[in-house]
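*Asks:* show me the folded form of this:
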Amino acid sequence: MPWVRNSLWPTFLLLTALIGPYVSASMCHKNLSSCATFITNVPRLKKPSPWSNKNMRLLTIGIWLSLTLASFSQAQDRSQNNSLTITELAVENNYEAVNNDEAEILAEFAADSLYYYLVQAFNAATATQRISLNHIGVQLEQIDGAYIVSSVLDGYPAHLAGIQRADKIISVDGLPYHPIDSFNRNAKDKANFTPNTETHNLTLRRGERELSFEILSVYENLYDSFRSASLNSVMEFGVGNKVIGYVHFWGLSRSSNDIIYFEEVLAELANTDGIIVDIRDSFGHIGTEHFDQIFPSQRSYYQLSDISNPSALENLSTYNPSTISRHRYYGQPLAVLQNRNTQAGMELFSYQLSKLQRVESIGETTAGRLGKFSQVGPGDAASNILYTGNTELRADETAIESIGIAPDHFIDYSLTTPVSEDPQYAAAVQVLMSIM
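*Replies:* Purely as a prediction, here's the structure:
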């Protein structure tokens, strides 16, 4: 019992200190070389003492040995204790640690939602730790118990089949639709899925019509799916005498591969007169390397700080403000599409781009979600992920948590009423044409 061990430690240390010299003397007598350095550095008493110098040295060695044994014993106790704290589990499972006693938990996500696997994939320490599952490339919102499609990943089965935003998915193979179970019925558990190569019959409702689709799923983690969908989205089109580029950055990260693909996308669109940068329903992490492809210098890059801790958490202005970086960058106008599901680092992406006069944002206020994720439980996918907000966080002097980043042009896009075209996208084309 922990309280028994704690109450006995003072007695144990006292007894060890008294008998330690004799035990230590015996040990050092057998192995003088291992103790010589330590004994030589023990200070001598300046005043006469009933203890001889020799006994005093041995007493010090005994105390040192007892403290070492105590530390080792505590480490052994901890390794055998299965009731770890949330912070300890968060660190061991490679999620950012959060103290449950001090931070406010704003949301909790179970392994029965696609968002769970999105967060898991983007926060995994290594590629092998990202959980792959069978999915069709949709993001969903649950409204009155029904699953409504909020977005469709470019080039994925749902997109290729013609599934659209605001579609209400009813069933798969005659069974009620579930975003995880419908395509992973043979899974052993929520962390170990196997590839599913079957063709499925999916039924949905679009307005007053009921439609059926024959569809295959893909077996992939959502980090890789978001990155692939970003590459699939790149295109160019003409409007009048202008050439407009388009890319939907579904997810960004600071990994070397992602930085390279980000550079390649902008290089592919380098000859356009302007780009629509779509970050709706996006997730990820942002670094200096992303902005270097768009900004002429780093002197305007934001600083992240915590107002409860004056020191900056992250300073993107790594160079002297007077320094102008000599590098190639995209210097044409940008129209940024964002919505209420734009979150995490993608909100900082929107914030930083707003500092450029050649950038206009269109859509809705972003999610305001810049806090931390942590996993509780044994560390498998059956364990919920907790989200805790950070209202003390500032980008420069701007608070974003639970507030979000407002667009320059607010355009609504209904999730409950099907529309023939994307009104936010249409507005982005008009805005971009006006600033080119």
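
*Asks:* any idea which element residue 259 lies in?
*Replies:* Element membership for residue 259 (DSSP states H and E) is helix 256-268.

*Asks:* after that helix comes which helix or strand?
*Replies:* Next along from helix 256-268, by DSSP H and E: strand 274-278.

*Asks:* quick one: contacts of that following strand?
*Replies:* The contact list for strand 274-278 (CB atoms under 8 Å, 6 or more residues apart in numbering) reads 233, 242, 244-249, 266, 269, 330, 332-337, 353, 425, 428-429, 432-433, 435-436. Where you see a C-beta, it was placed from the backbone N, CA and C, and this is true even at glycine.

*Asks:* try it again with 6 Å
*Replies:* 244-246, 248, 269, 332-337, 428, 432, 436 (CB atoms under 6 Å, 6 or more residues apart in numbering).

*Asks:* low-scoring pLDDT stretches of the protein, where are they?
*Replies:* 1-105, 310-327, 376-382 (pLDDT under 70).

*Asks:* got the domain ranges for it?
*Replies:* The chain breaks down by automatic domain parsing into domains covering 2-81, 133-220, 222-435.

*Asks:* ok, which stretches of the stretch 251-400 of the chain are helices?
*Replies:* 256-268, 288-291, 345-353 (DSSP state H, counting those that start in this stretch).

*Asks:* for residue 149, which of the ones you listed is the nearest?
*Replies:* helix 345-353 (20.0 Å; CB to CB).

*Asks:* for that closest one, packing partners?
*Replies:* strand 334-338 (3 or more CB pairs under 6 Å, 6 or more residues apart in numbering; DSSP states H and E).

*Asks:* pull up the pairing partners for the strand it packs on, direction included.
*Replies:* Sheet pairing of strand 334-338 (DSSP bridges) gives strand 274-278 (parallel), strand 359-363 (parallel).

*Asks:* which residues sit against the last one?
*Replies:* Outside of strand 359-363, the residues that reach it under the criterion CB under 6 Å, 6+ apart are 334-339, 353, 407-409, 411, 424, 427-428, 431.

*Asks:* looking at these, which one is closest to residue 115?
*Replies:* residue 339 (15.1 Å).

*Asks:* list the contacts for the closest one?
*Replies:* 280, 363, 364.

*Asks:* mind running it again at 10 Å?
*Replies:* Residue 339 makes contact with 150-151, 278-282, 362-367, 407, 411-413, 415, 424, according to CB atoms under 10 Å, 6 or more residues apart in numbering.

*Asks:* just the buried subset of those residues, written out for ChimeraX, thanks.
*Replies:* Restricted to buried positions by 16 or more other CB atoms under 10 Å, the ChimeraX selection for these reads:
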select :150,151,278,279,280,281,282,362,363,364,365,366,367,407,411,413,415,424
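
*Asks:* now, the contacts of residue 339 that are in strands?
*Replies:* 150, 151, 278, 362, 363 (DSSP state E).

*Asks:* related to what we said a few turns ago, I'd like the domains of the chain as JSON lines, with distance to residue 124 appended.
*Replies:* Shown next, in JSON lines, are the domains of the chain (distance: least, CB to CB, whole Å):
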{"stretch": "domain 2-81", "distance to residue 124": "24"}
{"stretch": "domain 133-220", "distance to residue 124": "12"}
{"stretch": "domain 222-435", "distance to residue 124": "8"}
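
*Asks:* nearest to residue 119, of these?
*Replies:* domain 222-435 (5.4 Å).

*Asks:* what's the first-to-last distance across that closest one?
*Replies:* 35 Å (CA to CA, to the nearest Å).

*Asks:* does residue 349 touch residue 342 like I think?
*Replies:* Yes. Residue 349 is within contact range of residue 342, at 8.5 Å (criterion: CB atoms under 10 Å).

*Asks:* what helix or strand does residue 171 sit in?
*Replies:* Going by DSSP H and E, residue 171 is in strand 168-172.

*Asks:* circling back: of the contacts of strand 359-363, which is the nearest to residue 171?
*Replies:* Among the contacts of strand 359-363, and counting by CB to CB, the member closest to residue 171 is residue 339, at 27.8 Å.

*Asks:* would you list the phi and psi of the residue nearest the centre of the chain?
*Replies:* Closest to where the C-alpha atoms of the chain average out (CA atoms, centre = their mean) is residue 123, at 4.3 Å. Backbone torsions for residue 123, taken as degrees, to the nearest 10, come to phi -110, psi 0.

*Asks:* on that earlier part again, got TSV for the strands paired with strand 334-338, with distance to residue 219 too?
*Replies:* Below are those laid out as TSV (distance: least, CB to CB, whole Å):
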stretch	distance to residue 219
strand 274-278	26
strand 359-363	32
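
*Asks:* and those: which comes nearest residue 301?
*Replies:* strand 359-363 (14.7 Å).

*Asks:* so how far is that closest one from its chain's centroid?
*Replies:* 25 Å (CA atoms, centre = their mean, to the nearest Å).
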